[in-house]
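Chemist: I'd like to go over a predicted model; first the sequence, then the structure.
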Amino acid sequence: DQQVKQNSPSLSVQEGRISILNCDYTNSMFDYFLWYKKYPAEGPTFLISISSIKDKNEDGRFTVFLNKSAKHLSLHIVPSQPGDSAVYFCAAIYSSASKIIFGSGTRLSIRP
Amino acid sequence: ETGVTQSPTHLIKTRGQQVTLRCSSQSGHNTVSWYQQALGQGPQFIFQYYREEENGRGNFPPRFSGLQFPNYSSELNVNALELDDSALYLCASSRGGRDEKLFFGSGTQLSVL
């Protein structure tokens, strides 16, 4: 039962262009969403988050958009840089639970 | 401020054996969560400890158990290892309460042969 889904296992984007990573969820009780970034041989690192009461959150080159009616969120990276090449995990949490539920990840490759 | 550290980094065991993985939480953090990440998948929640008490558990059998110590470090124990237990085991610490941000260690790569 995958409550958080990342349907694109990989994405290749040219340096300087926009990267858009997508995530869908099924549980309407989620009240907080997060994006984590993972390099090989390292643990995931927190990137950006958004509360379910908002529809956009921006932090530098990273913007997360939330569409509650569609149960969809996306992460925009602009402009994309070589250091952005990593696996990106979408995650969600609801306040009555202690666990964060992760998607399966999207491997982003930034090409020159 | 020291980050989350895990030991060992790699481990090879045979089916039926027992394993103990260790985690030191980031300073100031009183909550530790353990996740299992199989190849090609996202991290799956095993359980969480808050002030030495289990505070939530995922869909893992009882042979997965844990401890949290007074200094908030933690152990994950797995008994009767199975081949499917081969995975990256990630420990994450947080400040607890409504702090959703997890700080992860680099993980322990467990191979069961």
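Modeler: Great, that's in hand. Numbering: from 1, shown residues only, chains lettered A, B, ... in the order given.
Chemist: I'd like the distance between residue B:10 and residue B:46.
Modeler: Separation of residue B:10 from residue B:46 (C-beta to C-beta, to the nearest Å): 19 Å. All C-beta spots, glycine's among them, are computed from the backbone N, C-alpha and C.
Chemist: typo on my end, it should be residue B:90
Modeler: Residue B:90 is 9 Å from residue B:46, by C-beta to C-beta.
Chemist: can you list residues touching both of these two?
Modeler: B:34, B:35, B:36 (C-beta atoms under 8 Å, 6 or more residues apart in numbering or on different chains).
Chemist: Low-confidence stretches in chain A?
Modeler: A:1, A:96-97 (pLDDT under 70).
Chemist: what does it put close to chain B?
Modeler: Within chain A, the positions near chain B by C-beta under 8 Å from any C-beta of the partner chain are A:4, A:6, A:9, A:32, A:34, A:36, A:41-46, A:49, A:89, A:91, A:93, A:95, A:97-105.
Chemist: From the residues you listed, list just the buried residues.
Modeler: A:4, A:6, A:32, A:34, A:36, A:43-44, A:46, A:49, A:89, A:91, A:93, A:98-105 (16 or more other C-beta atoms under 10 Å in any protein chain shown).
Chemist: Endpoints of stretch B:87-101, how far apart?
Modeler: 23 Å (C-alpha to C-alpha, to the nearest Å).
Chemist: Using neighbour counts, pick out the buried residues of it.
Modeler: Buried residues in stretch B:87-101 (16+ other C-beta under 10 Å): B:87, B:88, B:89, B:90, B:91, B:92, B:93, B:94, B:96, B:100.
Chemist: and the residues of chain A next to chain B, which of them are in strands?
Modeler: Counting by DSSP state E, those place A:4, A:32, A:34, A:36, A:45, A:46, A:49, A:89, A:91, A:93, A:101, A:102 in strands.
Chemist: Now for the second one: which residues touch it?
Modeler: By C-beta under 8 Å, 6+ apart, the contact list for residue A:32 reads A:49, A:50, A:51, A:52, A:92, A:93, A:94, A:95, B:100.
Chemist: Please apply the same query to the first one.
Modeler: The contact partners of residue A:4, taken as C-beta under 8 Å, 6+ apart, are A:23, A:24, A:25, A:26, A:90, A:91, A:92, A:101, A:102, A:103, B:42.
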